[in-house]
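[1] Sequence unavailable; structure follows:
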């Protein structure tokens with residue numbers, strides 16, 4: 001579920017197959033600890049797909065497979081704080097934790113049979129791939145084997161992870177079919193054979209199997225002192241002023257969302273500079289399509305403001321990070337993360353080092369099974385907020401004090417009157433108002449509160 005839309009590689013293909021054959025598709029999500037093959041054999045489904053590697057062992061225990069829809073090698077992933085695993089020989093003396101009932105154990109045992117002195121630990125069945133990868137990132141597990149696309153995406157989303165050597169040739173993945181159902185398997189084979197030759201297939205692979213390197217590759221080269229931050233600074237300033245945002249923050253978000261491409265459209269239909277879903281834009285009073293910059297920016301900023309109003313907290317800075325995380329992952333997942341943070345003894349009102357930690361855990365079944373809004377690939381909103389924060393701080397270095405987000409003074413709420421000035425996060429622990437912020441007389445305790453909220457200690461700025 002992403003921005004209200006069900007998606008996934010297997011799901012998209014199954015949905016298209018059903019539509020082409022005028023069939024009703026019923027999707028059953030199998031519990032993480034259960035076997036897809038067992039569910040198929042018991043008649044609970046007709047075919048199953050979950051990035052499943054085609055192996056002789058699985059065929060022996062009761063599964064027929066379609067032709068492969070993709071071939072992916074397996075790869076080592078470890079923590080960059082440990083000694084780097086550059087080649088297979090570097091696995092000597094290391095420990096691999098592997099998913100139970102997975103093809104990865106066979107690959108690790110093959111390494112042992114080739115004379116590699118690597119220790120294998122099989123995780124409990126309820127421990128998911130995501131949890132093992134998180135454990136590697138947290139330094140609690142030495143290393144693991146995952147599909148190469150998972151390794152690439154994981155390393156792109158979590159800086160603690162580093163990719164090691166490929167340990168297998170590209171291995172075929174396909175759908176499993178109930179034994180003996182030749183008619184269905186023949187139809188599925190024909191569909192997959194035709195689909196693999198289409199341009200749509202290449203797009204799907206890029207969407208689901210390749211990390212989005214948009215941000216990291218272009219970040220440095222486009223920050224140019226003395227130049228406008230974007231081609232749309234004027235439009236952003238107007239919308240940001242209306243809703244009391246620092247316009248530089250909105251530009252940073254716009255770069256993260258679209259790289260300043262007004263014609264950008266996501267695979268699931270999010271449009272324009274701030275990648276707003278058409279249905280959301282309509283709710284905000286903007287009719288799609290959103291490829292015209294003025295309307296795209298207006299819809300995105302208004303939606304971000306709508307999200308921000310959903311959080312009742314006096315900590316304005318963290319309210320902003322919560323809003324950005326919700327913009328990316330959905331507000332329901334942010335609510336779940338705050339509830340989980342409290343259960344874990346973390347501060348539900350602080351994003352960095354607290355709620356973001358809980359958000360990462362919501363990709364693990366032991367946590368998302370109990371969450372109201374279910375699974376979320378938590379590394380994405382975590383990286384999303386970090387990227388925008390990093391770029392925003394770079395922008396404030398380029399254009400310090402240059403902000404246009406005045407807000408009318410609310411005589412009943414002095415802190416609200418202070419907010420436009422406060423929205424410039426201080427540099428080097430010194431709070432300074434923007435050059436064109438309204439100068440108003442406010443009690444010293446309000447000034448002190450504003451500094452405490454926005455001037456965080458150096459270590460929190462460098463996470």
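    Okay, I see it. Keep in mind that what you see is a predicted model, and the values were worked out from it rather than measured.
[2] What residues does the nearest residue to residue 364 once chain neighbours are set aside make contact with?
    In this structure, residue 364 finds its nearest non-sequential neighbour in residue 131, 4.1 Å apart by C-beta to C-beta, 6 or more residues apart in numbering. C-betas here are computed from N, CA, C, even on glycine. By C-beta atoms under 8 Å, 6 or more residues apart in numbering, the contact set of residue 131 is 123, 363, 364, 365, 366.
[3] Among these, which one has the most neighbours?
    With neighbours taken as other C-beta atoms under 10 Å, the top of these is residue 364, carrying 22 neighbours.
[4] Give me the contacts around the helix or strand where residue 298 lies.
    According to DSSP states H and E, residue 298 maps onto helix 293-308. Residues from elsewhere that reach helix 293-308 (C-beta under 8 Å, 6+ apart): 232, 235-236, 239-240, 242-243, 245, 250, 253-254, 257, 262, 271-276, 280-281, 284-286, 290, 319-320, 322-324, 326-327, 331.
[5] Among these, which lie within helices?
    235-236, 239-240, 242-243, 250, 253-254, 257, 280-281, 319-320, 322-324, 326-327, 331 (DSSP state H).
[6] Now a ChimeraX select for only the buried ones of the residues you listed.
    Filtering the ones in helices among the contacts of helix 293-308 down to the buried ones (16 or more other C-beta atoms under 10 Å) takes a single ChimeraX command:
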select :235,236,239,240,243,250,253,254,257,280,281,319,320,322,323,324,326,327,331
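[7] related to what we said a few turns ago, closest one of the contacts of residue 131 to residue 153?
    Nearest to residue 153 among these: residue 363, at 12.0 Å, using C-beta to C-beta.
[8] hang on, isn't that closest one packed against residue 377?
    Yes. Between residue 363 and residue 377 there is a contact under C-beta atoms under 8 Å: 5.5 Å.
[9] Mutual contacts of those two, please.
    residue 130.
[10] For the stretch 251-400 of the chain, give me the ranges with low pLDDT.
    Low-confidence segments of the stretch 251-400 of the chain (pLDDT under 70): 400.
[11] could you redo the last one with a cut-off of 80?
    267-268, 397-400 (pLDDT under 80).
[12] do the same with the stretch 1-150 of the chain
    Residue ranges of the stretch 1-150 of the chain with pLDDT under 80: 1-6, 31-33, 101, 126.
[13] the helices in it, which residues?
    With DSSP state H, counting those that start in this stretch, the ranges of helices along the stretch 1-150 of the chain come out as 9-20, 36-41, 56-60, 103-113, 129-137, 148-157.
[14] For the helix or strand just after the last one, buried residues please.
    Read it as helix 148-157. Per DSSP H and E, helix 148-157 leads on to strand 161-166 as the next helix or strand towards the C-terminus. For strand 161-166, a neighbour-count test (16+ other C-beta under 10 Å) marks 161, 162, 163, 164 as buried.
[15] Adding distance to residue 388 and pLDDT, write these out as JSON lines.
    Listed next are the buried residues of strand 161-166 as JSON lines, based on distance: C-beta to C-beta, whole Å; pLDDT from 0 to 100:
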{"residue": "161", "distance to residue 388": "21", "pLDDT": "94"}
{"residue": "162", "distance to residue 388": "24", "pLDDT": "95"}
{"residue": "163", "distance to residue 388": "25", "pLDDT": "95"}
{"residue": "164", "distance to residue 388": "30", "pLDDT": "96"}
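[16] out of those residues, what pair is the most spread apart?
    161 and 164 (10.1 Å).
[17] anything in contact with each of these two?
    With C-beta under 8 Å, 6+ apart, residue 161 and residue 164 have common neighbours 77, 78.
[18] the strands in this protein, which residues?
    Ranges of strands within the chain are 47-48, 63-65, 70-72, 74-79, 95-98, 119-122, 143-147, 161-166, 171-173, 176-178, based on DSSP state E.
[19] Dump these to TSV, plus distance to residue 112.
    Formatted as TSV, the strands of the chain follow (distance: least, C-beta to C-beta, whole Å):
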stretch	distance to residue 112
strand 47-48	30
strand 63-65	26
strand 70-72	22
strand 74-79	14
strand 95-98	10
strand 119-122	7
strand 143-147	13
strand 161-166	16
strand 171-173	18
strand 176-178	28
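[20] Residue 197 is nearest to which of the ones you listed?
    strand 70-72 (13.3 Å).
[21] Neighbouring strands of that closest one in the sheet, and parallel or not?
    Using DSSP bridges, the strands paired with strand 70-72 are strand 171-173 (antiparallel).
[22] Surely residue 142 touches residue 94?
    Yes. Applying C-beta under 8 Å as the test, residue 142 and residue 94 come out as touching, 5.6 Å apart.
[23] Just want to know which of those two has more residues nearby.
    Counting neighbours by other C-beta under 10 Å for residue 142 and for residue 94 shows that residue 142 has the greater number, 21 against 18.
[24] contacting residues for the closest residue to the more buried one other than its chain neighbours?
    The shortest distance from residue 142 to any non-neighbouring residue, by C-beta to C-beta, 6+ apart, is to residue 95 (4.2 Å). Residues in contact with residue 95, defined by C-beta under 8 Å, 6+ apart, are 118, 119, 120, 121, 141, 142, 143.
[25] Weed out the non-buried ones from the residues you listed.
    Here, 16+ other C-beta under 10 Å leaves 118, 141, 142, 143 buried among those.
[26] And stretch 299-317, what's buried?
    Residues 299-308, 311, 315-317 are the ones in stretch 299-317 that count as buried (16+ other C-beta under 10 Å).
[27] Can you pull up the most central residue in the chain?
    In the chain, the residue lying closest to the centroid (C-alpha atoms, centre = their mean) is residue 380, at 1.6 Å.
[28] Which residues are in contact with that one?
    Taking C-beta under 8 Å, 6+ apart as the test, what residue 380 contacts is 157, 328, 329.
[29] Just list the residues touching the spatially closest residue to the first one that is not a sequence neighbour, thanks.
    Using C-beta to C-beta, 6+ apart and skipping residues adjacent in sequence, the residue nearest residue 157 is residue 379, 3.9 Å away. Residue 379 makes contact with 154, 157, 158, 360, 363, according to C-beta under 8 Å, 6+ apart.
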